[in-house]
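Q: dropping a prediction and its sequence here:
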Amino acid sequence: MQGLRIPGRGALALVALVAALAVGSSVVQAAMSPTPAHAKLILRSSEFGKVIFAASGHVVYMFGRDKAGTSTCYGACAKAWPPVLTKSAPIIGPGLNAKLLGTTKRTDGSLQVTYNHHPLYFYEADKPGKGVVFLTPIKGSKQTRAATDAGLNTTNTLHSVRVEGPDKPGLGNKMTRALAEAGINLRGLSAAALGRRSVSYFAFDNVEDADNAVKLLKKALK
């Protein structure tokens, strides 16, 4: 593949919480609070552009594997990504299309808010004044011990792909679009420009998604 090098895949081995800018209060607290009678979605500006929030001020997310307005996120997935629930019809704020607002029934009978047929979720790790730092790859006991001594914690729930390529407009859009169209959930993404080159880290839920992502990225960027 011309102009792009994908060195390979590795586990995102260590995670630490550090001071950072975040929006709103703890999503964990939001998920544990009583389900609102009429959940509300609000469109707000952020450093990333227009973003949809819940009325409580928490960012909401969609899951790439959900199809036809039905949630596929249960168990460990739902623990990490709590669904946005409502007791009855949700409502919407200015800037959003009320015709795209809806609900889907989960297996326990609860109602999950949808927008444009996408079930919506919070992210469990979002906390005020906190961010997540991923250090990868970690190889061998010496590196693991050094990272642990620095206050990092081990996790086996994330898998990463490191991509090196040219620093050109539209590259990130091509890569993320290829993943979205294949229904692969993107757990995290970071990127940096180094001169005329770019380096990106993609985080996935499992090894299978990471392996498939490598194939898709190569095909999309030929």
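A: Received the coordinates, thanks. Numbers count the residues shown, from 1 in each chain.

Q: where do the domain boundaries of the chain fall?
A: Under automatic domain parsing, the residue ranges defining each domain of the chain are 5-18+130-220, 27-121.

Q: those: lowest mean pLDDT?
A: Among those, domain 5-18+130-220 carries the lowest mean pLDDT, a mean of 75.

Q: distance from the chain centre to that one, please.
A: Using C-alpha atoms, centre = their mean, to the nearest Å, the mean C-alpha position of domain 5-18+130-220 is found 12 Å from that of the whole chain.

Q: cool, stretch 215-222 as well?
A: Averaging C-alpha coordinates over stretch 215-222 and over its chain gives two centres that are 21 Å apart (C-alpha atoms, centre = their mean).

Q: and the most far-flung residue of the chain relative to its centre, its phi and psi?
A: Of all residues in the chain, Lys142 has its C-alpha farthest from the mean position, at 30.4 Å, by C-alpha atoms, centre = their mean. The phi/psi pair for Lys142 (degrees, to the nearest 10) reads phi -70, psi -50.

Q: tell me how far it lies from Thr148.
A: Distance, Lys142 to Thr148, by C-beta to C-beta, to the nearest Å: 11 Å. For the C-beta atoms, the positions are set from N, CA and C on the backbone; glycine is no exception.

Q: what of Lys79?
A: Distance, Lys79 to Thr148, by C-beta to C-beta: 24 Å.

Q: what does Lys99 give?
A: Lys99 sits 51 Å away from Thr148 when distances are taken as C-beta to C-beta.

Q: more neighbours: those two, which one.
A: Under the neighbour definition other C-beta atoms under 10 Å, Lys99 and Thr148 were set side by side, and Thr148 has more, 13 against 8.

Q: remind me which helix or strand that one belongs to.
A: helix 140-149 (DSSP states H and E).

Q: what is that helix packed up against?
A: Applying 3 or more C-beta pairs under 8 Å, 6 or more residues apart in numbering; DSSP states H and E, one finds that helix 140-149 makes contact with strand 14-18.

Q: related to what we said a few turns ago, quick check: buried residues in the helix holding Thr148?
A: Applying a neighbour-count criterion of 16 or more other C-beta atoms under 10 Å, the buried positions in helix 140-149 are Ala147.

Q: what's the separation between Arg44 and Gly170?
A: With distances defined as C-beta to C-beta, the gap from Arg44 to Gly170 amounts to 26 Å.

Q: more crowded one of these two?
A: A side-by-side neighbour count of Arg44 and Gly170, using other C-beta under 10 Å, places Arg44 first with 13 against 8.
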